[in-house]
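K.L.:
Got a sequence here, can you model it:
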Amino acid sequence: MSIDRIVLAFAGTMILTSIVLGYFVNAYWLILACFVSLNMFQAAFTGFCPLAMMLKKLGCKPGAAFD
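P.N.:
Numbers count the residues shown, from 1 in each chain. As a prediction, the model looks like this:
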């Protein structure tokens, strides 16, 4: 799996987890969804993604977005 797919899967998982925890546990968990969404938004314009950098150092194969 490429870095791009891993980043998208991780972000989607974190957002869904945050929404579920926000509904069942405490609304403050929705801050996590906002943080992940804002990070995805800025990565679309700047290309800077901390998770992609870590995955690259771990040896995952690059995709089209995060070379």
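K.L.:
now for the chain, which residue lies nearest the mean position of the chain?
P.N.:
A11 (3.0 Å; Cα atoms, centre = their mean).
K.L.:
So which residues of this structure form helices?
P.N.:
3-24, 30-46, 50-57 (DSSP state H).
K.L.:
what about the closest residue to F48 other than its chain neighbours, neighbour count?
P.N.:
Closest residue in space to F48, ignoring its immediate chain neighbours: Q42 at 7.1 Å, by Cβ to Cβ, 6 or more residues apart in numbering. C-beta here means a position set from N, CA and C on the backbone, and glycine is covered the same way. Neighbour count of Q42, defined by other Cβ atoms under 10 Å: 12.
K.L.:
surely Q42 meets F35?
P.N.:
No - the pair Q42 and F35 does not pass the contact test of Cβ atoms under 8 Å, sitting 10.9 Å apart.
K.L.:
picking that back up, among the helices of the chain, which is nearest A64?
P.N.:
A64 sits nearest to helix 3-24 of all those, at 6.3 Å, using Cβ to Cβ.
K.L.:
what comes up buried for that closest one?
P.N.:
I3, D4, I6, V7, A11, M14, I15, S18, L21, G22 (16 or more other Cβ atoms under 10 Å).
K.L.:
what sits up against that helix?
P.N.:
28-33, 36-37, 39-40, 49, 51-52, 55-56, 60-66 (Cβ atoms under 8 Å, 6 or more residues apart in numbering).
K.L.:
I am finished for the moment; much appreciated.
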